[in-house]
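Trainee: Sequence first, predicted model second:
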Amino acid sequence: MIVEHALLPILPGQESAFEASMLEALPIITSAEKCFGAEVRRQVENGSVYLLLVRWESVEAHMAFRDTDLFGRWKALTHHFYGRAPDVTHFHESIDT
């Protein structure tokens, strides 16, 4: 399993609307094939930045999600809030596993 790590830079003043939209969007991504859960957290130091963590079976599973209708729904709910493209990276399993 891998973890997708995405820093989401939200347009200032749009944080509340983004959070409301994210409540609708998270069940979409977690319903994707080979997704094992997701969470979003707001940064303390800069309240316009959010951290998305998604557990996928593999990077390939994440990339396959991007070619689905589910991704289109996710994108419609979230991407218009971004001030710039998110920084997305992937991490291996925990080293203590």
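Mentor: Now that the structure is in, tell me what you want to look at.
Trainee: From Glu60, how far out is the closest residue to Gly47 other than its chain neighbours?
Mentor: Nearest residue to Gly47 in three dimensions, chain neighbours excluded: Glu15, at 6.1 Å (C-beta to C-beta, 6 or more residues apart in numbering). For glycine as for every other residue, the C-beta is placed from the backbone atoms N, C-alpha and C. Glu15 is 33 Å from Glu60, where distance means C-beta to C-beta, to the nearest Å.
Trainee: With neighbour numbers in mind, choose between those two.
Mentor: Glu15 (16 against 11; other C-beta atoms under 10 Å).
Trainee: shouldn't that one be in contact with Ser48?
Mentor: Yes. Glu15 is within contact range of Ser48, at 6.3 Å (criterion: C-beta atoms under 8 Å).
Trainee: What score does Leu70 have for pLDDT?
Mentor: With respect to pLDDT, Leu70 scores 97.
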